[in-house]
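Trainee: I need the structure of the sequence given here:
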Amino acid sequence: TGSIIALPIAITPVNQYKYEYFGYNGSLPGYTHDFTTAGWVETSWIDFEVKSIDKYFHSVTIFSDYTGDVKSGNEYKLSVYFKVDGDIVWTHAGDVKASEYINGKFEIGIKELPIKYGSKSASGKKIKFRVKMMPQASKYESPRLKAIVVNGILRLPSKRTWSFNFLVDPEVDLNDKPIHDKTGVLLYWLNKWANSKTYAIPLTMRTNDYSSDDVQVMIDPASITTYDVLSDTNASKNKNYKHVGSLTLYEV
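Mentor: Numbering: from 1, shown residues only. Next comes the predicted model:
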């Protein structure tokens, strides 16, 4: 019927050049080229290996190749379409030619296309592409799509943080409440809370500030710095060390 086409494919890719295909370009008797059709390449879903977070998809860069003898600057055209999760129809991102006449010479097709719905930016949890490859009408040359690079931004959900500085050495605070003793109670608990092996669940932060009170937090290990060293007496070799600590808490 003329509608069934046999395409030889090399089992060994490095020998593909030996399998020239002439059956669809008019070189053999009885074959004609239907230039109203084109081949399609469709990618799988791309989610930057993080499935549950929304991403901003900025652009897609298409790398095409052309090794034919025709040098018109219009050897074939690649039309690029995209679809994010939730889309029903494909959106046209733009076209790429195999080679273009730029600054007096032909350039191999490398082009960056914005990913937009008109003037609206595209975002979603995942994206996929469909590339339509159309050969030029005067002489058939196989379109070559070498690579697709997706340019986007992945941001993790933001959480509030709080940083505190505190004195380690005093035994009581201004309200005469115990905060430290010679066995290191304060540092012991801070180290325990910051270690997932000894305390894996969040803490409840209680403050007098409504913006930070009753918040579930995790803490980093405290950083301790010596800020003063004093001798017990002028003749004593024993020294008293003063320490200050810093601590960061993260909202869960």
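
Trainee: Next one: Leu186 relative to His243, how far apart?
Mentor: Leu186 is 11 Å from His243, where distance means C-beta to C-beta, to the nearest Å. Where C-beta positions appear, they are placed from N, C-alpha and C, glycine not excepted.

Trainee: what sits in contact with each of these two?
Mentor: Listed contacts common to Leu186 and His243 are Val168; contacts here mean C-beta atoms under 8 Å, 6 or more residues apart in numbering.

Trainee: Of these two, give the one with the bigger neighbour count.
Mentor: Under the neighbour definition other C-beta atoms under 10 Å, Leu186 and His243 were set side by side, and Leu186 has more, 20 against 15.

Trainee: which parts of whichever strand or helix holds that one are buried?
Mentor: With secondary structure defined by DSSP states H and E, Leu186 is part of helix 185-193. Buried residues in helix 185-193, counted by 16 or more other C-beta atoms under 10 Å: 186, 190, 193.

Trainee: avg pLDDT for it?
Mentor: Averaging pLDDT along helix 185-193 gives 82.

Trainee: Kindly report the same for stretch 113-132.
Mentor: When the per-residue pLDDT values of stretch 113-132 are averaged, the result is 93.

Trainee: Quick check: end-to-end length of that stretch?
Mentor: When the termini of stretch 113-132 are compared using C-alpha to C-alpha, to the nearest Å, they are 15 Å apart.

Trainee: Can you name the residues in contact with that stretch?
Mentor: Contacting residues not belonging to stretch 113-132 are listed as 38-47, 51-62, 78-86, 90-91, 93-94, 96, 145, 148, 150, 152 [C-beta under 8 Å, 6+ apart].

Trainee: who's in contact with the residue nearest to Ser163 when sequence neighbours are not counted?
Mentor: If the residues on either side of it in the chain are set aside, Ser163 comes closest to Thr248, at 5.0 Å by C-beta to C-beta, 6 or more residues apart in numbering. Thr248 makes contacts with 161-164, 219-220, as judged by C-beta under 8 Å, 6+ apart.

Trainee: Direction included, what does the one helix or strand Thr248 maps to pair against?
Mentor: Here Thr248 sits within strand 239-251, counting by DSSP H and E. According to DSSP bridges, strand 239-251 has the following sheet partners: strand 161-167 (antiparallel), strand 215-219 (antiparallel), strand 223-231 (antiparallel).
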